[in-house]
Every structure is written in structure tokens, then in C-alpha cells.
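# take this sequence and fold it.
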Amino acid sequence: MTVDAPRANLPPLSLHVPEPRFRPGDEADFSDLVVPPAGAARRPDTAEPADRFHELAYGLVRVLDDAGNAVGPWDPRLDAEAKRKMLRSMALTRAFDERMFRAQRQGKTSFYMKSTGEEAVSVSAALAMAGDDMCFPSYRQQGILITRGYPLVEMMNQIYSNRGDPLQGRQLPIMYSSKETGFFSISGNLATQYPQAVGWAMASAARGDTRIAATWCGEGSTAEGDFHSALTFATVYRAPVIFNVVNNQWAISSFSGFAGAEATTFAARAIGYGIAGLRVDGNDALAVYAATQWAAERARTNQGPTLIEHFTYRAEGHSTSDDPSAYRSAGEPNAWPLGDPIRRLKDHLIGLGEWDEERQAAMDLELAETVKRAQKEAEKNGILGHGMHQPFETMFEGVFEEMPWHLKEQSDQMIAERKAAGI
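Next up, the predicted model:
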């Protein structure tokens, strides 16, 4: 084979390797980040074809302006009581996170993941959907369970894998499951919930049901094959599903550029599949509510799926196993221009005369005490690492409706060996 001579008139090829904007020791400065004014994005009719509002995949749907006012066509016009409920659920989620984080540091559980700064993504979405719609979450949507009223003690039992754990210790801490709350089992394998949500939504449509599905993943998971398989099925069959991409800027130690953020928005993924795409201020609780409500109506009226990119920021570490100071600037969380979702909704309510700092402080104290009481109750059932909390033989159960002969044989053998060993 003939080797061509080097082309002297062309520069050599080079490979682009994404680099985060700020590293440890840098001063974070997001002043060049383009944040469109609140109320500027138009709100299409939910029956409008997806190819007529591509600009919404590149802009930013915002409701709360810098002064805390709700403005523009996306304002969901919720009454004050509904907004206070939203604020309370977000504050309770944060209080829960704080106590469970400390529990991990105290050795009571092996692992925890906080959702600090991302509470609106789960809480507002849960409030905008029907209570019997099915949720296929990732591992930072504990706010859905809290908003839907799942008992805090039961959540903690699952974290501690104790005697009260309804999953009998089979899941890792924070990988909750609650069939009665419409909360599908969390998986540590990224993006597996996306095709599961589409399949559930397709089954709901095939039965002529009225329930829809929603699923969540981080921006990094959009690089997974499951993400693209799910969008293909969803667009072909117009599945009644909402795809939520939580763009919090960081995976465990790599920034969003490795998933393609330097080239375009994550909401733009929707355009290539012919489905509706929205890019939303993920720290604006009212904007998240409005976008989810719009997408839910679209799904429920057979207009097909919607992909919502929640533009937000992971304020803390990826998990209790992560040290973000090793790979990003310590000043980034405070420099993030879209602020804190709880503070922004609180300020909005204060501006309306429907809330004040005193009531906020009293609520925070009340919620902290509520979580503390729940923790004491859950710990009566044991904590992770303090012995086996479930009968040994249950490890063979729950896989098949009726235990097959070979599992029964293994179970009997292990029970006999434990007995012989005096265990």
C-alpha cells in the first residue's frame, strides 16, 4: 500500500480534550454565562409540533426574575399555599440530606448522596405530576418520595438496611424503591431507568390508561447507549414519558464537557429525535413546575415525549465517597449565577407578603426536629454494619414467585452449614 507524502500545506490534526473552566485554586467566575431574562421564553401550546419551538432547547425557561417576581408566560400562577407546600418539601429534603450525611460520617451507614441545590428538580416535578404517575429516578431524586409523603422512617430503614427495611437489605443505601408511591427501584447502573420508563409508558398507552411516566438522569448519562435507545423508542411510538436530564455541571470528577456540553445543550438532544425539548432554570422551582406540567399535559394528550434539561449546579460532593475540592474550584457553588432554589422561592413568597424570615427559621427548626425524631425511630431497627438484620434464608427469596428447586437446594445447604458451624 502506498503511503501518501505529508501534506505540507495542512496543519497536523489535533485531538480536543475538554477542560473544565476552573480547577482547585482558581477563582470561579461565571460572569460570561448567558442567562436570558426571566419571562423571555415563549410558551407554546402543548399540541404544537415539536419542530416549531427548537429555540426552547437552546434558551432557558425562567419564571423568577432577579427581584423574586414571577413573570412571563411560563408562570404557573400557583396560589400561595401551593408555593408554601413546595418550599416546605424542598426544605424537608435538605434537612433529611443533612442528617443522613452526618449519619454516614458517624458510621451508621456506608454511603449517602445529597441533592443540595437540586431540590427543585425533584420536588417541583413531583408536585406538577399526578400522584399515580410513575417515576423512574436516578440517585438524587429523594425529593420525589418526600413530596409524595413516603415516611421518612421508611426511607431511613432502606438507608440503614435494618430490620425495618422493606427491601430486606438487598439494595445499596439511597437506592430506594416504593411501589405504592410510584417510585421505581433506583439502579447504580447509569441510564438503565430510561428504557424502563419508556417501556412502562408504552404499556400504559397500550392499555388505554391515563398515567404517564417520568425519568431522570445526570448529564453524563446522556452518553450512555440506554439514553439513546430510550429516545428512539419514545419518538417512534410517541410514548407518554418525560425525560429529565439534570445538568448539574459535574459527574463524580469529570465536568459536563465530557458528555458534550461544549458543543451544544443537552436539551438539543431532543431535536435530533424529533421530540419536544426544553431547557429550564433548574434552580427556579416555579419554572421546573411549569415545564413539567406542560410536558405532562403533552404526554397525557398523546402529543408524545418531552426532554427537559434542568440547568443547575451540584453544590456539594457527588457522594460521601467524593472530595470535590480535588478537582474543582471551591468557590464555584457560591459563584453559580442561578442561586439556590430554596432561597429564591422563599424570597418570592416574602415579596408577595405570604412568608417571612421568622416563619422560615421556625419551619427549618421544626423540620430538623422532625427528621431527628424519624432517625431515632429508624435506628431502633438497627443500623448498617451491626450484624445481620434479616433472616439469612431471605437472601434466596424475592427473585422468583415460587422458589425453584436449585435455589431451595442451595438454601437448605447453606442453612445446614451455618448450623454445623454454630452460627
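# wait, is residue 157 part of a helix?
Yes. Residue 157 sits within a helix when classified using DSSP: H, G, I helix; E, B strand; the rest coil.
# can you name the residues that contact it?
By Cβ atoms under 8 Å, 6 or more residues apart in numbering, residue 157 lies in contact with 164, 165, 166, 378, 381. All C-beta spots, glycine's among them, are computed from the backbone N, C-alpha and C.
# confidence score at it?
With respect to pLDDT, residue 157 has a value of 97.
# just how off-centre is the helix or strand hosting residue 98 within its chain?
Taking DSSP states H and E as the criterion, the element that holds residue 98 is helix 80-105. With Cα atoms, centre = their mean, to the nearest Å as the basis, helix 80-105 stands 15 Å off its chain's centre.
# next one: the helix or strand immediately after that helix in the chain to chain centre, how far?
Downstream of helix 80-105, the first helix or strand assigned by DSSP H and E is helix 119-128. Its chain's C-alpha centre and that of helix 119-128 lie 9 Å apart, by Cα atoms, centre = their mean.
# elements contacting the helix or strand following helix 119-128?
Of the helices and strands lying after helix 119-128 in sequence (DSSP H and E), the nearest is strand 134-136. Here strand 134-136 touches helix 193-206, strand 213-218, going by 3 or more Cβ pairs under 8 Å, 6 or more residues apart in numbering; DSSP states H and E.
# residue 94: which of these is closest?
strand 213-218 (18.0 Å; Cβ to Cβ).
# which strands and helices sit next to that closest one?
helix 119-128, strand 134-136, helix 193-206, strand 241-247.
# between that strand and strand 241-247, how big is the angle?
20 degrees (axes from the mean of the first three to the mean of the last three Cα atoms, to 10 degrees).
# and strand 213-218, which strands flank it?
strand 134-136 (parallel), strand 241-247 (parallel) (DSSP bridges).
# gap between the shortest one and the chain center?
Right, the one you point to is strand 134-136. 11 Å.
# and what of stretch 343-354?
Using Cα atoms, centre = their mean, the offset of stretch 343-354 from its chain centre is 25 Å.
# then stretch 186-194?
With Cα atoms, centre = their mean, you get 11 Å for stretch 186-194.
# ends of that stretch, what's the gap?
Using Cα to Cα, to the nearest Å, one end of stretch 186-194 lies 11 Å from the other.
# please, where are all the strands along the stretch 201-350 of the chain?
Under the criterion DSSP state E, counting those that start in this stretch, strands of the stretch 201-350 of the chain are mapped to 213-218, 241-247, 276-281, 306-311.
# residues of stretch 182-201 that come out buried?
182-187, 190-201 (16 or more other Cβ atoms under 10 Å).
# quick one: low-confidence parts of the chain?
1-5 (pLDDT under 70).
# try 90 this time
1-12, 169-170, 188, 251-254, 384-401, 415, 418-419, 422-423 (pLDDT under 90).
# just among the contacts of residue 157, which is most surrounded?
residue 378 (25 neighbours; other Cβ atoms under 10 Å).
# ok, that one to residue 129 distance?
28 Å (Cβ to Cβ, to the nearest Å).
# check residue 392 too.
Taken as Cβ to Cβ, the span from residue 392 to residue 129 is 40 Å.
# what's the burial count for residue 387?
Residue 387: 7 neighbours (other Cβ under 10 Å).
# and it, how far is that from residue 378?
16 Å.
# one more: residue 239?
Taking Cβ to Cβ, one finds residue 239 at 37 Å from residue 378.
# and for residue 40?
46 Å.
# out of the helices and strands packed on strand 213-218, which is closest to residue 354?
That would be helix 119-128 among those, by Cβ to Cβ, at 16.9 Å.
# that closest one vs strand 241-247, what angle?
170 degrees.
# output the contacting helices and strands for helix 119-128.
Taking 3+ Cβ pairs under 8 Å, 6+ apart as the contact cut, helix 119-128 packs with helix 80-105, helix 142-147, strand 213-218, strand 241-247, helix 285-300, helix 341-351.
# tilt between that helix and helix 341-351?
60 degrees.
# any idea how far apart the tips of stretch 257-271 sit?
Note: stretch 257-271 ends 19 Å apart using Cα to Cα.
# let me fix that: stretch 47-66
End-to-end distance (Cα to Cα), stretch 47-66: 31 Å.
# pull out the buried residues from it.
50, 53, 56, 57, 59, 60, 61, 62, 63, 64.
# nearest to residue 105 among those residues?
Out of the buried residues of stretch 47-66, the member with the shortest distance to residue 105 (by Cβ to Cβ) is residue 64, at 33.8 Å.
# for residue 120, see how far away the closest one is.
Residue 64 is 10 Å from residue 120, by Cβ to Cβ.
# and residue 94, by the same measure?
11 Å.
# so those two - more neighbours on which side?
Neighbours per residue (other Cβ under 10 Å) separate residue 94 from residue 120, with residue 120 holding more: 31 against 24.
# list the contacts of the more buried one.
Here residue 120 is in contact with 90, 282, 283, 284, 285, 288, 312, 341, 345 (criterion: Cβ under 8 Å, 6+ apart).
# same question, residue 70
63, 64, 77, 286, 348.
# what's it sitting at in phi/psi?
phi -90, psi 120 (degrees, to the nearest 10).
# what pairs with it across the strands?
residue 64.
# ok, it to residue 244 distance?
22 Å.
# what do you get for residue 415?
45 Å.
# who has more neighbours, those two?
Between residue 415 and residue 244, counted using other Cβ under 10 Å, the more crowded position is residue 244 (28 against 14).
# ok, so what distance separates the more buried one from residue 165?
27 Å.
# what do you get for residue 403?
Computed as Cβ to Cβ, the residue 403 to residue 165 distance reads 21 Å.
# check contacts around residue 319.
111, 112, 113, 252.
# go again using 6 Å as the cut-off
residue 113 (Cβ atoms under 6 Å, 6 or more residues apart in numbering).
# follow-up on the earlier one: mind listing what's buried in the helix holding residue 98?
83-84, 86-97, 99-101, 103-104.
# and for the nearest residue to residue 150 once chain neighbours are set aside, the neighbour number?
Nearest in space to residue 150, with sequence neighbours left out and distances taken as Cβ to Cβ, 6 or more residues apart in numbering, is residue 181 at 4.9 Å. Residues lying near residue 181 (other Cβ under 10 Å) number 20.
# go ahead and confirm residue 181 touches residue 147.
No. Look at residue 181 against residue 147 with Cβ atoms under 6 Å: they stay out of range, at 9.7 Å.
# joint contacts of these two?
Common neighbours of residue 181 and residue 147 (Cβ under 6 Å, 6+ apart) do not exist.
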